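Novice: Next come a sequence and a model predicted from it.
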Amino acid sequence: MSRRTSLRAATVGLALITAALLGACRSTPLPVSPDTPPLRFLLTFDDGPSIRSEPNPTAQVLRTLASNPLQPGIRAVFFVQTRTTNGGGTPEGRALMARELALGHVLGFHTATPGHTNHLGMPSEKLRGSIQDGLADHADISGGTPRLVRPPMWAYDARTLDIYAEAGLHALITDVSANDGKIVWPNGSPRRRQHMRYQMDLLRPRVQAGELPVVDGVIPVVVTFHDPNPFTAEHLAEYLQLLVDSARREGLRVSERPFYGQGEDIERVALARTVSAGEPVQHIAGFWHSLLRLKP
């Protein structure tokens, strides 16, 4: 056996031993009580709209939500960037936001700056001004103002929560993230199944402990995607099935209708999941955390 072959075999063996040790250290989760209400996924999309040429990712997402094998007519919350130079700040972007509203989706505030600006790094008055710009943009598009805000990169603190509250905004973070915010080339998500199972593994003890509120007999679970991501847009139907399958594999009961749909007041449901003043800051587990969980 050559030295190179021996080294490769030793590396593979070490990886297998590490995986076995990590698996052995992972405690067996307690079963979820049969009295626990089922989950229903509240889909949210960040950073849009996209004005990429056809196939336009945001338009693809809208088509899949309307027509898919699992549950046609899904409604979602789109946290939009109303002044990005390659998105919401263009006539094409404004038309897509108007289309989202016309299809029964909800628009939430994400940014009103030329880029994806972190609110924590903005002085208070600058943040207040940006929010007022965004509220004016929303009023132009919908005739009303949003009630939901998604802080960029989920970065917030007591100061930004107070500023949101001044403007009548409530911060909605997330329970499950597809971790698809970065668009790299080649565009893809090779570990999406492992990552989604890891996210459900984190969700499970929260459901067991009764940490999530029950609304209309189900537990709303907030899920975040990014509609400008072409891979997400192209594979959204697969992601929807993956959400349901991953939850069930973790022993979580999913509602007969897994997603919120036509005629449901999803803004009211989302408001039941927003952050309250004084709560600990929520930290979102991402892709690199899931790599350490070598689940089969």
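Specialist: On my side now, so go ahead.

Novice: Can you list the strands that the host helix or strand of Val221 pairs with?
Specialist: In this assignment (DSSP states H and E), Val221 forms part of strand 219-226. In the sheet, strand 219-226 lines up against strand 39-48 (parallel), strand 176-177 (parallel) (DSSP bridges).

Novice: what's the closest of those to Gly89?
Specialist: Between Gly89 and the strands paired with strand 219-226, the tightest spacing by C-beta to C-beta is seen for strand 39-48, at 12.2 Å. C-beta: built from backbone N, CA, C; applies to glycine.

Novice: Now the closest one: average pLDDT?
Specialist: Strand 39-48 shows a mean pLDDT of 98.

Novice: how about that strand as CSV, C-alpha atoms only?
Specialist: C-alpha atoms of strand 39-48 as CSV (Å, rounded to 0.1, in the frame of the first residue of the first chain):
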residue,chain,number,x,y,z
LEU,A,39,-46.9,22.4,13.5
ARG,A,40,-47.8,24.7,10.6
PHE,A,41,-45.0,26.4,8.7
LEU,A,42,-45.2,30.2,8.3
LEU,A,43,-43.0,30.9,5.2
THR,A,44,-41.1,34.2,5.0
PHE,A,45,-38.8,35.4,2.3
ASP,A,46,-36.0,38.0,2.7
ASP,A,47,-34.0,40.5,0.6
GLY,A,48,-36.4,40.7,-2.4
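
Novice: Could you check the angle the following helix or strand past it makes with strand 219-226?
Specialist: Per DSSP H and E, strand 39-48 leads on to helix 57-66 as the next helix or strand towards the C-terminus. Interaxial angle of helix 57-66 relative to strand 219-226 (axes from the mean of the first three to the mean of the last three C-alpha atoms, to 10 degrees): 150 degrees.

Novice: so who does the nearest residue to Gly251 once chain neighbours are set aside touch?
Specialist: Spatial nearest neighbour of Gly251, excluding adjacent residues (C-beta to C-beta, 6 or more residues apart in numbering): Val32 at 5.3 Å. Neighbouring residues of Val32 by C-beta atoms under 8 Å, 6 or more residues apart in numbering: Arg204, Val207, Gln208, Gly251, Leu252, Arg253.

Novice: Starting from Leu242, give me the distance back to Val32.
Specialist: 20 Å (C-beta to C-beta, to the nearest Å).

Novice: follow-up on the earlier one: for the buried ones among the contacts of Val32, write the corresponding ChimeraX selection.
Specialist: To isolate the buried members of the contacts of Val32 in ChimeraX, using 16 or more other C-beta atoms under 10 Å:
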select :204,207,208,252,253
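
Novice: between the contacts of Val32, which is nearest Glu264?
Specialist: The shortest approach to Glu264 among the contacts of Val32 belongs to Arg253, at 19.3 Å (C-beta to C-beta).

Novice: The closest residue to Tyr260 other than its chain neighbours: what's it in contact with?
Specialist: Distances taken as C-beta to C-beta, 6+ apart place Ile266 nearest to Tyr260, at 4.7 Å, with adjacent residues excluded. Contacts of Ile266 were listed using C-beta under 8 Å, 6+ apart, and they are Leu42, Arg75, Ala76, Val77, Val106, Tyr260.
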